[in-house]
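> What follows is a protein structure lacking sequence information:
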Ligand code: NAP
């Protein structure tokens, strides 16, 4: 039997588990999918926006894999010095596949970035997704204008959530505290700002279009700003996805403002150089505006500064400039790219392949692509692992890892524990007159898991 640990139960981890059990090349594979959280699905649960029900329903596909009799979910297990050391994990399995994603966010590196009222988009997403590590609150309190820095799909997500009203958010599984806060939000002006041009924006057209379909909200673009971009003026040479974005923006540029209650301003060619405080003192000091330098295309896909500046008022700033992988206990790390060095998914340590260690997903290729991109990525890693299986299974393993984990003082949340959490979330929602409502903290998640029927 080939015994494999997959660390991380997001899409890349689950697709890896699926690839390992749904093949006939190596019979008798058993997979434990470990996660530091008591809940599975990674960014599908804690990253996909709550109003994206269709994408969220991918959980049903991931569930079918985790319910396969050859796969076991073990939640609440942290790999590392403060949990189960990676070296110990290696002893318990023939192979370990790290599918831990990109756990932190990139920094802007400009003065004022840490002012109160300035948050990473990841913090905001974690809040409205009920991530149990999120302790922040009060994002929208006292804010009337928001600036979102970056023009990727995460920027679109947080912009859309800021612009949605309570009536649309209430049917989602958003935690009650976030729903209440957003329902009371007075943010009516949201600027989403790119440092390059509209034809280079990273958002996808489907996500972009959604902004134009929000009730009581209008999207405002300045045609003169868009026209600074040669790709906007002459889109025929652009990749199809960028061309479609340009077409949507062109439509908005031709639509006069109609005076809707909320405005989303899409801005381009503005590079953030400083976050400015609002003049308050001590505890009251917080962000009041973002200073941008106007940029122009440099003819090579980049931009150059012009020495002209523009301040955009904002009592809330969300920095949405991408995720970044973090170093893992016992694994080599490419600090420049925030990934683990690998060859077709096999971890490469000091220039040689580390037998039995693999990576898939964002920690392997960086934080790009949509959920489906993880399928071929996981497949490549699984292919490598199965090729190595003959050599890997020669090593004798100790008893069932679950016994060892329990003996080490860990209390993994098994599938029944997760199902108990799901029941508790359905009950919470019913008590609030809503559908499923997520539990937002460790205490309530673990308490719910303990009620599991054995
Ligand atoms: P992203 O697509 O890499 O976008 C990052 C944005 O930040 C870009 O506009 C980038 O501009 C900008 N940026 C980076 N550094 C900057 C700086 N120093 N100053 C100003 N702007 C800066 O990242 P993401 O939005 O976090 O998304 C991550 C991945 O998840 C993407 O593959 C995305 O498609 C995916 N995702 C998909 C969905 C969906 O399908 N609905 C939802 C959420 C996320 P430059 O281009 O100029 O570098």
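Looks like it arrived, so ask away. Values in this document were obtained by computation on a predicted structure and should not be read as measured data.
> Determine the number of other residues adjacent to residue 333.
For residue 333, the neighbour count with other C-beta atoms under 10 Å is 15. For the C-beta atoms, the positions are set from N, CA and C on the backbone; glycine is no exception.
> again, but for residue 180
11.
> quick one: it and the ligand, what's the gap?
24 Å (C-beta to the nearest ligand atom, to the nearest Å).
> In which helix or strand does that residue reside?
helix 176-183 (DSSP states H and E).
> Nearest residue to residue 406 in space, ignoring adjacent ones along the chain?
residue 412 (7.7 Å; C-beta to C-beta, 6 or more residues apart in numbering).
> got a pLDDT number for the residue nearest to residue 151 when sequence neighbours are not counted?
Leaving aside its chain neighbours, residue 151 sits nearest to residue 194 (3.7 Å; criterion: C-beta to C-beta, 6+ apart). Note for residue 194: predicted pLDDT of 98.
> shouldn't residue 194 be in contact with residue 148?
No. Assessed by C-beta atoms under 8 Å, residue 194 is found out of contact with residue 148, at 10.0 Å.
> who has more neighbours, the two?
residue 148 (28 against 25).
> What backbone torsions are found at the more buried one?
Dihedral pair for residue 148: phi -110, psi 120, per degrees, to the nearest 10.
> just residue 100 next, same as before
Residue torsions, per degrees, to the nearest 10, at residue 100 are phi -90, psi 0.
> The ligand contacts on the protein?
108, 149-155, 157, 194-196, 200, 202, 207, 272, 320-323, 367-370 (C-beta under 6 Å from any ligand atom).
> In PyMOL, select just the buried ones from these.
Only the buried entries of these go into this PyMOL selection, using 16 or more other C-beta atoms under 10 Å:
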select buried, resi 108+149+150+151+152+153+154+155+157+194+195+196+200+202+207+272+320+321+322+323+367
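> residues contacting the residue in the chain positioned nearest to the ligand?
Nearest residue of the chain to the ligand: residue 152, at 2.3 Å (C-beta to the nearest ligand atom). The contact partners of residue 152, by C-beta atoms under 8 Å, 6 or more residues apart in numbering, come to 201-203, 320, 322.
> Tell me the buried residues in the helix ranked longest in the chain?
Counting residues, the longest helix in the chain under DSSP state H turns out to be helix 374-392. Under the neighbour-count criterion of 16+ other C-beta under 10 Å, helix 374-392 has 374, 377-382, 384-386, 388-389, 392 buried.
> Could you name the helices and strands sitting against that helix?
For helix 374-392, the packing partners by 3 or more C-beta pairs under 8 Å, 6 or more residues apart in numbering; DSSP states H and E come out as strand 2-7, helix 11-21, strand 95-98, strand 346-349, strand 352-359, helix 362-365.
> and residue 16, what is it in contact with?
Residues near residue 16 by C-beta under 8 Å, 6+ apart: 6, 97, 99, 360, 378, 381-382.
> Name the nearest residue to it, ignoring sequence neighbours.
residue 378 (4.3 Å).
> Go ahead and confirm that neighbour touches residue 360.
Yes. Taking C-beta under 8 Å as the definition, residue 378 is a contact partner of residue 360 at 4.6 Å.
> Need the overlap of contacts for those two.
12, 15-16, 99.
> what's the farthest-apart pair in these?
15 and 99 (8.4 Å; C-beta to C-beta).
> Overlap of the contact sets of those two?
With C-beta under 8 Å, 6+ apart as the test, residue 15 and residue 99 both reach 360, 378.
> ok, now which ones touch the residue nearest to residue 406?
With C-beta under 8 Å, 6+ apart, residue 412 has these contacts: 34, 74-77, 402, 405-406.
> can you rerun that using 6 Å?
Residue 412 makes contact with 74, 76-77, 405 under the criterion C-beta atoms under 6 Å, 6 or more residues apart in numbering.
> returning to what we had before: which other residues reach the longest helix of the chain?
With C-beta under 6 Å, 6+ apart, helix 374-392 has contacts from 2, 11-12, 15-16, 19-20, 25-26, 94-95, 344-346, 356, 358, 360-361, 365.
> Do me a favour and average the pLDDT over it.
97.
> again with stretch 411-425
For stretch 411-425, the per-residue pLDDT averages 97.
> in stretch 9-29, what's buried?
9-21, 26, 29.
> Oops, could you answer that again for stretch 315-328 instead?
Buried-residue list, stretch 315-328, by 16+ other C-beta under 10 Å: 315-325, 328.
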